[in-house]
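Trainee: Need a 3D model of the sequence below.
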Amino acid sequence: MSEARVRPEFMKALEDCDAEVGASLKPRLRDMIRLRCSHLNGCTYSVRLHSEALTALGARPEVISALARPVRAMREGLVSEGDEAALRFAEILTDPPRGLETEARDAAATYFTRQQLGAIVETVAVVNAWNRVLRGVE
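Mentor: You can find the predicted model right below:
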């Protein structure tokens, strides 16, 4: 069986990018987005990594486990309305068959600045890249 090898320069660039994206978001929300997207992408390594990061940030276990399901199935009041809107936007950006739903972006825009919306998009893009790289070399 052949093993995929990704150039170290690419991995370094991805690490550098990952360290910078989403800086205008609260760390907890950024990792919630990363975890939700990793669940959607089926990347078990990233699911574990971001679950541990959220635990270290003090996230309750029920929040971490809820991120395995669609945001619309999440128990009401488990996360703030703003976090829920950001997570829904992240889901739509991650799951291409649905495409970008304008209402999800507009809903998130009621809670976040344009810069923060951009940070959500950046965070989703980078975690999706990581998930694909990790799944490709596992």
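Trainee: For the helix-or-strand element of the chain with minimal mean pLDDT, buried residues please.
Mentor: Confidence across the helices and strands of the chain bottoms out at helix 102-109, with a mean of 91, counting by mean pLDDT, DSSP states H and E. For helix 102-109, burial by neighbour count (16 or more other CB atoms under 10 Å) applies to 104-105, 107-108. C-beta here means a position set from N, CA and C on the backbone, and glycine is covered the same way.
Trainee: Check those residues and tell me the two furthest apart.
Mentor: Based on CB to CB, the longest span within the buried residues of helix 102-109 runs between 105 and 107 and measures 7.3 Å.
Trainee: Overlap in contacts, those two.
Mentor: Counting by CB atoms under 8 Å, 6 or more residues apart in numbering, the residues touching both residue 105 and residue 107 are residue 89.
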